[in-house]
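Colleague: Need a 3D model of the sequence below.
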Amino acid sequence: MSNTPYSPYEMHISPAEFKWMVEMMTSDLIRLLIEREGYEFVQAFEIVYNSQTYQALLKPESTFYYQSSGYVFQYLISEIKTGEMR
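Modeller: This next block holds a predicted model:
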């Protein structure tokens, strides 16, 4: 086992694929906030992009980029309710 940090490239995806997966997850999170929680688009956009959950999504080692949107959404909702990503 390597001591180097986890890399999305160990999953055999390109940087472009990783970026696409993050963008799709981000879009899903915004949509879910609008549909399930009743937020307006701008508010949902700001919540997602300013969240700890989004910061974790940008880090391949979090593995959020290949989880289901519903799974990551639960972290975001928890963060909204408690102020911490759990």
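
Colleague: tell me, which helix in this structure spans the most residues?
Modeller: Ordering each helix of the chain by length in residues (DSSP state H) puts helix 15-37 first.

Colleague: Residues contacting whichever helix or strand comes after it, please?
Modeller: Next along the chain after helix 15-37, taking DSSP states H and E as the criterion, comes helix 41-49. Helix 41-49 has contacts (CB atoms under 8 Å, 6 or more residues apart in numbering) with T26, L29, I30, L33, I34, E37, Y39, Y54, L76, I80. Any C-beta I mention is one placed from the backbone N, CA and C, and that applies to glycine too.

Colleague: just the buried members of those residues?
Modeller: For these, a burial check counting by 16 or more other CB atoms under 10 Å picks out T26, L29, I30, L33, Y39, Y54, L76.

Colleague: Adding pLDDT and distance to Y66, write those out as a markdown table.
Modeller: Listed next are these as a markdown table, based on pLDDT from 0 to 100; distance: CB to CB, whole Å:
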| residue | pLDDT | distance to Y66 |
| --- | --- | --- |
| T26 | 98 | 14 |
| L29 | 98 | 15 |
| I30 | 98 | 19 |
| L33 | 98 | 21 |
| Y39 | 98 | 25 |
| Y54 | 97 | 16 |
| L76 | 97 | 17 |
